[in-house]
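**Q** show me the folded form of this:
(2 chains)
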Amino acid sequence: EAGVTQFPSHSVIEKGQTVTLRCDPISGHDNLYWYRRVMGKEIKFLLHFVKESKQDESGMPNNRFLAERTGGTYSTLKVQPAELEDSGVYFCASSQVGGLAVKTQYFGPGTRLLVL
Amino acid sequence: AQSVTQPDIHITVSEGASLELRCNYSYGATPYLFWYVQSPGQGLQLLLKYFSGDTLVQGIKGFEAEFKRSQSSFNLRKPSVHWSDAAEYFCAVGYNFNKFYFGSGTKLNVKP
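**A** Down below sits the predicted model:
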């Protein structure tokens, strides 16, 4: 079974540009999460989808960040326009629904974003 | 507010020595507890998890962790470290099936 995949693995952009990150969850996982790790600090929650609906977006830093999950499958996270402080590693995770299984999140390899 | 503390930013141990990585959390209720490992160039891999029951849980790669409610801790241990264990280790805490709270990570260096 394929794990969580993320694309691209690395992205280097200039301040003011737009970047779109993509996450494909494990097949059948209705829960999808985005996290970010900035400059060696702790990994912080950004938002949570249940299927195509945003369940919790309390961690989104500001309105330059837009997450979508059309059709309840893959998700995209767009940063527009990117700022220097957006640099970091963006992780995606997914989990099943129902019972205790929903509480275990499986993470992708991350996208390393550098804004110059 | 919920928080997770990993007090050791860097740890160096000799190959074959025992290892203990510390994790403390702050919250009144019993959380769901996880340890993840990130090897260089890799993503986060789940090592083990605790939901309830036996407070000593076994994970992959010979790791174990013990939940101590009185100390709000979930320390990760391994009796004999291998060079391939060099990585960054993250403690994570969840209270429902939404967001996780992570510690800031502990980087493990293994000396030959």
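
**Q** what about the closest residue to B:Ser104 other than its chain neighbours, how many residues nearby?
**A** Spatially, and ignoring its direct neighbours in sequence, B:Ser104 is nearest to A:Glu42 (4.4 Å; C-beta to C-beta, 6 or more residues apart in numbering or on different chains). Where you see a C-beta, it was placed from the backbone N, CA and C, and this is true even at glycine. Look at A:Glu42: counted by other C-beta atoms under 10 Å in any protein chain shown, it has 19 neighbours.

**Q** try the one 4 residues further on
**A** The number of residues packed near A:Leu46 is 22, by other C-beta under 10 Å.

**Q** cool, and B:Gly53?
**A** When neighbours are counted by other C-beta under 10 Å, B:Gly53 comes out with 8.

**Q** tell me the pLDDT at it?
**A** Model confidence at B:Gly53, given as pLDDT, is 87.

**Q** now it. Its backbone dihedrals?
**A** Main-chain torsions, B:Gly53, degrees, to the nearest 10: phi 80, psi -140.

**Q** one more: A:Gly108?
**A** Dihedral angles for A:Gly108 - degrees, to the nearest 10 - are phi -90, psi -180.

**Q** now the residue positioned nearest the centre of chain A: how far from chain B?
**A** Per C-alpha atoms, centre = their mean, the C-alpha nearest to the average position across chain A is that of A:Trp34, at 3.1 Å. Using C-beta to the nearest C-beta, to the nearest Å, we find A:Trp34 at a distance of 10 Å from chain B.

**Q** show me what contacts that residue?
**A** Counting by C-beta atoms under 8 Å, 6 or more residues apart in numbering or on different chains, A:Trp34 touches A:Cys23, A:Phe45, A:Leu46, A:Leu47, A:His48, A:Ala67, A:Ser75, A:Leu77, A:Tyr90, A:Phe91, A:Cys92, A:Ala93.
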